[in-house]
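> everything below, folded, please.
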Amino acid sequence: MVQAKEGDTVKVHYTGKFKNGIAFDSSAGADPLEFKIGSRRLIPGFEEAVVGMSPGESKTANIPAEKAYGRYQEDRVINVDRKDMPPEVEPEIGMTLEVCGPKGQVIPVQVTDIQGTTVTLDANHPLAEQDLIFDIQLIEIVGKSC
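Residues are numbered from 1 along each chain as shown. You can find the predicted model right below:
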């Protein structure tokens, strides 16, 4: 039976859950997720879980934080003065903004605190530190690698 391997393009349906069973994301009711295994477009643990699956097969993958969105990093939290933010932005706690990184890349950040004129921005992924569970069904292997 054909099995998915690195370099293959696949379509999967999935449901992502926390350890307590609460779902945080799902492809149910939508088109399957299509991606190339090894493209690093998805979290490493998810891609690794699909390797070796055959079309029609389902599995549950327990993905530790290190293979999901990583550990929380204090150095990804910065304080900025409100005057250094664009004038049209009125920061609110929970708001997601985009900032330019040192290499010109766009980095999503979340406003986590506002104290006077100081705004705290957190570039950690909201699911950092979380061990995740994914129910995965391999729908098809769209393109095989050589």
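
> domains for this protein, by residue range?
Here the domain parsing of the chain from automatic domain parsing is 9-70+127-143, 74-122.

> and among the ones you listed, the most buried is which?
Of the domains of the chain, the one with the most neighbours on average (mean count of other C-beta atoms under 10 Å) is domain 9-70+127-143, at a mean of 16. Placement of C-beta: from N, CA and C, glycine included.

> and the residue nearest to residue 59 when sequence neighbours are not counted, which of the three is it?
Using C-beta to C-beta, 6 or more residues apart in numbering and skipping residues adjacent in sequence, the residue nearest residue 59 is residue 136, 5.6 Å away. Put simply, residue 136 is strand when judged by DSSP: H, G, I helix; E, B strand; the rest coil.

> residue 136 pairs with what?
Following DSSP bridges, residue 136 is listed with bridge partners residue 14, residue 59.

> which residues does stretch 112-132 contact?
Outside stretch 112-132, the residues within contact range by C-beta atoms under 8 Å, 6 or more residues apart in numbering are 16-19, 24, 43, 45, 62-65, 68-73, 76-83, 85, 91-93, 97, 99, 107-111.

> 7 Å instead, please
Stretch 112-132 has contacts (C-beta atoms under 7 Å, 6 or more residues apart in numbering) with 16, 18-19, 62-65, 68-73, 76-83, 85, 91, 93, 99, 107, 109-111.
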